[in-house]
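# any chance you could fold what I've pasted below:
(one chain, ligands or ions: 1)
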Amino acid sequence: MPESFDPAKRCNDHVAKLREYRVTSQDIWKMAKTGDIVKADWNESGAAPSPRVNQALQAFLKGIPLEWYPDVEATKLREALAEYCNCTVDQTQVFSGSDAALEYFCRAFLNPGDEVIIRTPTYDNFRVYVESNGGQVVAVHNSSPFELDITAITKAITPKTKLIYLVNPCNPTGIVYSEAQLETILKAAPQAIIISDEAYFEFYGKTVVPLLKKYQNLVISRSFSKAFALAGLRIGYLIADPAVLAVVNKIRVGKNVNSIAQIAAEAALTDIPYLNKYVKDVTRNREWLVAELTKLGYVARTTVANFILVQVDNPTAFASHLKNEWIYVRDRSYMPQMEGFVRITVGTKEQAQRIVTACERYLELSMMISF
Ligand SMILES: Cc1ncc(COP(=O)(O)O)c(C=O)c1O
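Sure, this is the predicted structure:
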């Protein structure tokens, strides 16, 4: 490589000035044994997927050669999704994670200089996809991150608005957009596409899919990484008007949605009772966790998803104490309006008990240090 070659300057101008998405700690991948870890930092499932996933994968490995590319149209999975989502097969498309779906979406629709409204604080990966394609992020917030006044969003709409990104329910704040609020935004921006990110749909139970009948400019993204417990296989999907998906399909690499992920997702969709039980457990454990932490004196906020927030004086010390007890949580305090907040993913009751015990010990230790 010539000495004067500087990749940081030779890359795409948008990428050169990009602030990357901060991933959570990857320490666990260096450990020999992960059995004692409570992974409460990235909103994954706290339990394994339905046993049917394992059975389907075993059968697949015996039957279909791994040397073949996958079904790029994901025919069987999309048929199952259409039934699950109450839409038509041509209103669905699958991707290697909903992140990939959102990234393709930005690549397919954004021209440099297009405005993209993002209601903040929110899931930050989308900003990266927007900015790397030259889009201008118009960050909109209310005075409290936990209250939603959609007039701040509708006022930010201009003729240059190309996309509006709303996470519903929102990670990390837990706020939700009602169907009526979404409809007001859709009407106010008929020239733009409104993305409702429903990664946590299964926990919340409400969707804006019925609005697709009236609005061609609505797109819904969903994930198999959360309630379906398939984060490691990377699979997610979009629900949208077929004409909108046809644009994304022009650049989508269907081969990237690997066979194992397709088979696993399809099997998970055959076991809705298992999903419902997990969602019920998480809901119960979430409320229990918030109640126990509140009893201990913590400021704890519940959500309608699989995570809660706690507000502490020293989030770095808090997260690092929990890590010493093999519990990984996500410090969100560097995000604007999230000062002091740490997000904790909720899974099983046993995991929630471990979290409460560690939080109790953190308080005891803090008291000892302050004396
Ligand atoms: C709001 C939101 N959207 C999308 C994702 C990414 O999901 P996936 O694993 O399907 O890429 C996440 C993951 O944390 C999320 O919180």
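# make it CA atoms for all contacts and neighbour counts henceforth
Noted.
# so where's the protein uncertain?
Low-confidence segments of the chain (pLDDT under 70): 1-3, 371.
# and it, which residues reach the ligand?
42-43, 97-99, 123, 167, 171, 197, 199, 223-225, 231, 234-236 (CA under 6 Å from any ligand atom).
# which of these fall in strands?
167, 197, 223, 236 (DSSP state E).
# any idea how far the first one is from Ile344?
Separation of Val167 from Ile344 (CA to CA, to the nearest Å) stands at 18 Å.
# can you check the second one too?
For Asp197, the distance to Ile344 (CA to CA) stands at 20 Å.
# tell me which of these two has more neighbours.
For Asp197 versus Ile344, the count of surrounding residues by other CA atoms under 10 Å is larger for Ile344: 27 against 24.
# bridged to that one, which residues?
On the basis of DSSP bridges, Ile344 is bridged to Ile308.
# hmm, it is touching Ile308, no?
Yes. Ile344 is within contact range of Ile308, at 5.4 Å (criterion: CA atoms under 8 Å).
# overlap in contacts of those two?
When CA atoms under 8 Å, 6 or more residues apart in numbering defines a contact, no residue borders Ile344 and Ile308 alike.
# tell me the residue of the stretch 201-350 of the chain that sits nearest the ligand?
Ser223 (4.0 Å; CA to the nearest ligand atom).
# number of residues surrounding the closest residue to that residue other than its chain neighbours?
Excluding its sequence neighbours, the residue lying closest to Ser223 (CA to CA, 6 or more residues apart in numbering) is Gly236, at 4.2 Å. By other CA under 10 Å, 27 other residues sit near Gly236.
# then Ala240?
26.
# quick check, central residue of the protein?
Centroid check for the chain by CA atoms, centre = their mean gives Ala199 as the closest residue, at 4.8 Å.
# and that residue, how far from Lys62?
Ala199 is 32 Å from Lys62, by CA to CA.
# go on, Glu20?
41 Å.
# higher neighbour count, the two?
Between Glu20 and Lys62, Glu20 has the larger neighbour count (other CA under 10 Å), namely 14 against 9.
# would you mind measuring from that one to the ligand?
Distance, Glu20 to the ligand, by CA to the nearest ligand atom, to the nearest Å: 15 Å.
# also Trp29?
Distance from Trp29 to the ligand, by CA to the nearest ligand atom: 17 Å.
# how many residues are close by that residue?
Trp29, neighbours per other CA under 10 Å, totals 9.
# quick one, helices of this structure?
7-10, 13-16, 51-63, 75-85, 98-109, 125-132, 151-156, 179-188, 201-204, 242-249, 259-269, 272-296, 315-324, 349-370 (DSSP state H).
# want to throw the ones you listed into TSV with distance to Lys213?
TSV is the format used below for the helices of the chain (distance: least, CA to CA, whole Å):
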stretch	distance to Lys213
helix 7-10	45
helix 13-16	36
helix 51-63	32
helix 75-85	13
helix 98-109	21
helix 125-132	26
helix 151-156	22
helix 179-188	12
helix 201-204	19
helix 242-249	12
helix 259-269	24
helix 272-296	25
helix 315-324	45
helix 349-370	40
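# out of the ones you listed, nearest to Val140?
Set against Val140 and scored by CA to CA, the helices of the chain come closest in helix 151-156, at 6.4 Å.
# got the buried residues for that closest one?
Neighbour-count burial for helix 151-156, with 16 or more other CA atoms under 10 Å as criterion, is recorded at 153-154.
# dump it to CSV, keeping only the CA atoms.
The C-alpha coordinates for helix 151-156 follow below in CSV (Å, rounded to 0.1, in the frame of the first residue of the first chain):
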residue,chain,number,x,y,z
THR,A,151,-46.9,18.1,16.6
ALA,A,152,-43.1,18.4,17.0
ILE,A,153,-42.9,15.7,14.3
THR,A,154,-45.5,17.2,12.0
LYS,A,155,-44.0,20.7,12.3
ALA,A,156,-40.6,19.3,11.1
